[in-house]
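Participant: Got a sequence here, can you build the structure:
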Amino acid sequence: MFSFFAAFLRHKMSRFTVHSAKQDLESIEPHYRDAMTDSLLLSADLLDINVGGTVFRVLRSTFAFFPKTRLSRLARARNEKQALWLCDAYRISEGNSEEGIPQYFFNRNWTNFNCVLDFYRIRSLHVTSDVCPVALKEDLEFWGLNELYVDPCCALKYFPEIDACWKEFLADKKANEEENARLRDEHFDENKFGNIRRHLWSMTEHPESSLLSKVCSTSKRGYLKF
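Facilitator: You can find the predicted model right below:
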């Protein structure tokens with residue numbers, strides 16, 4: 001993970017020396033524009049994006065680039081059927097001042113969505129200090145954004161925390177597997193003999209489980225010492 005992180009920083013910092021902004025975009029996403037990009041850049045249409053009940057009003061031209069991402073594909077949708085492949089619900093806003101503005105609903109937490117929108121606006125991904133890196137990573141995957149776009153100033157925080165969370169996840173997974181294996185080993189029949197076996201097992205394998213187990217464990221150590 002850390003070798004990947006170092007390579008990532010070398011790549012990102014290089015754009016401040018020999019790469020232009022266009023070259024940097026192409027190095028991560030070769031197809032960051034398509035045949036509709038130029039026409040979308042000229043569009044003055046508005047879109048309402050409703051994420052978990054919070055509405056973000058943006059220009060359709062915001063999504064002129066990165067045509068493979070979810071929001072850019074949504075801006076290119078030609079009909080309701082295509083839109084519903086990408087969002088949870090769709091309608092045309094009603095009212096005098098909002099008539100004709102399409103609204104796309106996503107049944108998700110909106111907390112990280114400002115980071116996502118800012119990426120389309122400034123072509124760079126920044127992480128706020130109160131954002132959970134794991135939640136942001138899941139959001140980036142949902143919206144179709146490459147985490148390599150995380151800016152170097154935020155990458156120093158984002159990638160090490162992702163690595164720490166991953167290690168914690170693996171440790172928890174291993175602990176759960178060991179616990180499940182222990183429960184399988186200690187599964188005895190629900191009858192008289194099974195109860196006897198369970199008590200004997202607890203006395204020998206888990207001396208801290210009861211006072212009798214502690215006494216037996218102490219006696220056993222004293223006998224071995226003698």
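
Participant: contacts and neighbour counts: CA atoms only from here.
Facilitator: OK.

Participant: in the chain, which spans are helices?
Facilitator: All helices of the chain, identified by DSSP state H, fall at 2-13, 21-28, 37-41, 70-75, 80-84, 113-122, 133-143, 152-185, 192-205, 211-225.

Participant: Without its sequence neighbours, what residue ends up closest to Val55?
Facilitator: Once flanking residues are discounted, Val55 sits nearest to Ile49: 5.5 Å by Cα to Cα, 6 or more residues apart in numbering.

Participant: what do you get for Arg33?
Facilitator: Phe65 (5.0 Å).

Participant: and Thr54, bridged to which residues?
Facilitator: Thr54 forms beta bridges with Val51, as assigned by DSSP bridges.

Participant: tally of neighbours for it?
Facilitator: Thr54 has 16 neighbouring residues, counting by other Cα atoms under 10 Å.

Participant: So if we follow the domain assignment, how does this protein break up?
Facilitator: 2-158, 165-225 (automatic domain parsing).

Participant: Lowest mean pLDDT across those domains, which one is that?
Facilitator: Ranked by mean pLDDT, those bottom out at domain 165-225, with a mean of 64.

Participant: quick one on the thing from earlier: in contact with the residue nearest to Arg33, which residues?
Facilitator: Each residue near Phe65 by Cα atoms under 8 Å, 6 or more residues apart in numbering is listed here: 32-34, 37, 72, 120.

Participant: tell me the two of the residues you listed that are most distant?
Facilitator: Using Cα to Cα, the pair of the contacts of Phe65 lying farthest apart is Asp34 and Tyr120, separated by 15.2 Å.

Participant: between these two, which one's more packed in?
Facilitator: Between Asp34 and Tyr120, Tyr120 has the larger neighbour count (other Cα under 10 Å), namely 18 against 12.
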